[in-house]
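Novice: structure, please.
(one chain, ligands or ions: 1)
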Amino acid sequence: MDQFVLPDNQLLGKEQVETEDLPVISQRIQDIIEVLNNFKELGDHERGRSAYVEQLIKDMAVYYGYSEYLLEKLFNLFSVSEALEFFEANEVPRPVTIRTNTLRTRRRDLAQALINRGVNLEPIGKWTKVGLTIFDSTVPVGATPEYLAGHYILQSASSFLPVMALAPQENEKILDMASAPGGKSTYIAALMKNTGIIFANDSNKERTKGLVSNIHRLGIKNTVVCNYDGREFPTVLGGFDRVLLDAPCSGTGVISKDPSVKINKNFFYRLLTL
Ligand SMILES: C[S@@+](CC[C@H](N)C(=O)[O-])C[C@H]1O[C@@H](n2cnc3c(N)ncnc32)[C@H](O)[C@@H]1O
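Specialist: Next up, the predicted model:
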């Protein structure tokens, strides 16, 4: 690499006023990453590594549209190249995925029924026997007769994992402490084959409406919906075999669906008080 020189403040001011020239910024991001990966040989030791990181955060904030606040948090979590991969991945839309409701049908039968309706799909991967990825469709997947009959639920593949880790067993007593709209509770119910009992709780009454509607649509009979602040549970009811806590999150996992998370600082502050 030719010697890369960090821009001074005068040049930066000019750049911002004139254009916010994205190709220039993109090139500088690449250059700074290269310098940071081999700072000993390529870096300006007088200005130090932190000057490069500071500039990188500023450039990435402009290029990818994040607040500098969130970028700093992410840089504390990831290495520079991991952070770059994360930002790039968030620019690519995630495929729609669905989970077969095994209380109503088998994945093979569901796949065939949807293919017959013009849905282009395939199994998500070897790690799940219930998930399907939808590539495209001539019909709205949230309104097919199979959907309305509860043969599947639209659910991100990553949200199957906490339930798989919970590994609920038939006839157990399980608490899902923050459960609305019920993607995970209803998967737990399916794995328990509608036996035992699930307490599907959420502190937000309005959100429990969606939960109740999913429970009805998917034919679940082993679930009691309740509306407490999860922290009250030890005094409400106990003796659970397993407890799932899917607490409110920062939303950074759904940036590709909801780019407003990139600049939503308040949400982070609220999480700090949980
Ligand atoms: C990530 S969402 C849950 C998603 C759900 N587990 C699913 O798979 O569909 C977090 C939920 O926590 C609920 N929540 C927030 N604070 C809570 C509290 N103190 N007690 C119980 N639920 C709470 C929110 O209303 C929200 O529905």
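
Novice: what does this protein have sitting close to the ligand?
Specialist: With the criterion set to CB under 6 Å from any ligand atom, the chain comes near the ligand through 159, 177-184, 201-204, 207, 229-231, 246, 248-249. For every residue, glycine as well, the C-beta is placed using N, CA and C.

Novice: go through those and flag which are in strands.
Specialist: In this view, the residues of the chain next to the ligand that belong to strands under DSSP state E are residue 201.

Novice: mean confidence score for stretch 81-93?
Specialist: Stretch 81-93 shows an average pLDDT of 89 in the prediction.

Novice: now swap in stretch 97-106 and tell me
Specialist: Here stretch 97-106 scores 98 as its mean pLDDT.

Novice: buried residues, it. List them.
Specialist: 97, 98, 99, 100, 101, 102, 103, 104, 105 (16 or more other CB atoms under 10 Å).

Novice: can you turn the buried part of the residues of the chain next to the ligand into a ChimeraX selection?
Specialist: Of the residues of the chain next to the ligand, the buried ones go into a single ChimeraX selection, burial set by 16+ other CB under 10 Å:
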select :177,178,179,180,181,182,183,184,201,202,203,230,246
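
Novice: coming back round to it: of the buried residues of stretch 97-106, closest to the ligand?
Specialist: Closest approach between the buried residues of stretch 97-106 and the ligand, by CB to the nearest ligand atom: residue 99, at 10.8 Å.

Novice: packing partners of the helix or strand hosting that closest one?
Specialist: Here residue 99 sits within strand 96-100, counting by DSSP states H and E. Judged by 3 or more CB pairs under 8 Å, 6 or more residues apart in numbering; DSSP states H and E, strand 96-100 is in contact with strand 131-137, strand 152-154.

Novice: how about 10 Å then?
Specialist: Contacts defined by 3 or more CB pairs under 10 Å, 6 or more residues apart in numbering; DSSP states H and E place strand 96-100 against helix 107-116, strand 119-123, strand 131-137, helix 145-148, strand 152-154, helix 183-191.

Novice: neighbours of residue 173, how many?
Specialist: Residue 173 has 14 neighbouring residues, counting by other CB atoms under 10 Å.

Novice: do the one 3 residues further on as well
Specialist: The number of residues packed around residue 176, counting by other CB under 10 Å, is 32.

Novice: just to check, it is in contact with residue 233?
Specialist: No - assessed by CB atoms under 10 Å, residue 176 is found out of contact with residue 233, at 11.1 Å.

Novice: now do the helices in this structure.
Specialist: Here the chain has its helices, by DSSP state H, at 9-18, 22-37, 39-42, 48-64, 68-77, 80-90, 107-116, 145-148, 161-166, 183-191, 205-217, 233-236, 265-272.

Novice: out of the ones you listed, which gets nearest to residue 132?
Specialist: When the helices of the chain are compared by CB to CB, helix 107-116 sits nearest residue 132, at 6.1 Å.

Novice: now that closest one, how far from the centre of its chain.
Specialist: Chain-centre distance of helix 107-116: 27 Å, with CA atoms, centre = their mean, to the nearest Å.

Novice: what's it packed up against?
Specialist: Secondary-structure packing of helix 107-116 (3+ CB pairs under 10 Å, 6+ apart): strand 96-100, strand 119-123, strand 131-137, helix 145-148, strand 152-154.

Novice: buried residues in that helix?
Specialist: 107, 110, 111, 113, 114.

Novice: just name the most buried of the helices and strands packed on helix 107-116.
Specialist: Of all these, strand 96-100 carries the top mean neighbour count, a mean of 23, counting by mean count of other CB atoms under 10 Å.

Novice: next, the angle helix 183-191 makes with that one.
Specialist: 30 degrees (axes from the mean of the first three to the mean of the last three CA atoms, to 10 degrees).

Novice: so what are the sheet partners of strand 96-100 and their directions?
Specialist: The strands that strand 96-100 pairs with in its sheet are strand 131-137 (antiparallel), strand 152-154 (antiparallel) (by DSSP bridges).
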